[in-house]
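A.B. asks: Here is my input; please provide its structure:
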Amino acid sequence: MLADFARVRVRDRVLDLGAGCGVIAVLIAARSRPREVVALEIQPALAALAERNAVLNRLDSMRVLHADLRARRIAGLTPASFDVVVANPPYRALRTGRESPHAGRRVARGEAAATLAQFVAAAKRYCANGAKAAFVFDATRSAELLACLAAHSLEPKRIRFVHPKTNARATTILVEARKGGGRETLVEPPLILYDRPGVYSDEARELMQHNSHRRSE
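C.D. replies: You can find the predicted model right below:
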């Protein structure tokens, strides 16, 4: 969803914060063919997987950095040099819910390594002036995300909520913010994932088929 929502252009330089095994970075590199995609990941095993995914998909425009997004300086990254920054921060706030006994899962699913505010601060650091930052996040923390973006001079410009079905609450929020942008915000129609149990909506099916087709090229 985030790879589609970000609307990356061919001339863009893209940074994926907390890239994990590189799914979002791979999709963006494969379908949008931007000038460059950098996947930043703190866990060495996941960074290695992201590198392997880039090689297997023959994505010469994608490179992977094993580093901590909280660091003020990261070798290979220049502040204020990216046209698009994307991020899928851990949905679970620090010290909430049950924690996995697996250290890697605690980092990926919760804020053990970086908080939402630290993801947003990193997005601001690497966005060029007027560039955009696109986030996918837990809908129940929407107010926190929007306030955090605005506090870091990343003004929300597009918002879209994702619902599992038409009569269900939103589970996910997609937000595009611009560094130094104005305050007018477009709230797009919701994305409905299922028409009925086990049956994807037309839009969700088209989204997945498009991504699958691009990966196979």
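A.B. asks: Next, give phi and psi for residue 62.
C.D. replies: Backbone torsions of residue 62, given as degrees, to the nearest 10, read phi -100, psi 130.
A.B. asks: For the remainder of this discussion, apply numbering that starts at 885.
C.D. replies: All right, first residue 885 from here; so that's residue 946.
A.B. asks: In contact with the residue nearest to the spatial centre of the chain, which residues?
C.D. replies: Computing the C-alpha centroid of the chain and ranking residues by CA atoms, centre = their mean puts residue 971 first, at 2.8 Å. Residues near residue 971 by CB atoms under 8 Å, 6 or more residues apart in numbering: 900, 901, 902, 1003, 1006, 1007, 1017, 1018, 1019, 1020. (Each C-beta comes from the backbone N, C-alpha and C, glycine too.)
A.B. asks: Which residue, other than its chain neighbours, is closest to it?
C.D. replies: The spatial neighbour of residue 971 that comes closest, neighbours along the chain excluded (CB to CB, 6 or more residues apart in numbering), is residue 901 at 4.2 Å.
A.B. asks: Any idea what that neighbour is bridged to?
C.D. replies: The partner list for residue 901 in beta bridges (DSSP bridges) reads residue 924, residue 971.
A.B. asks: tell me which of the contacts of residue 971 is nearest to residue 1064?
C.D. replies: Distance ranking of these against residue 1064, using CB to CB, places residue 1017 first at 11.5 Å.
A.B. asks: And the strand or helix carrying that closest one, how far out from the chain middle?
C.D. replies: Per DSSP states H and E, residue 1017 falls inside strand 1011-1022. A distance of 9 Å separates the centroid of the chain from that of strand 1011-1022, by CA atoms, centre = their mean, to the nearest Å.
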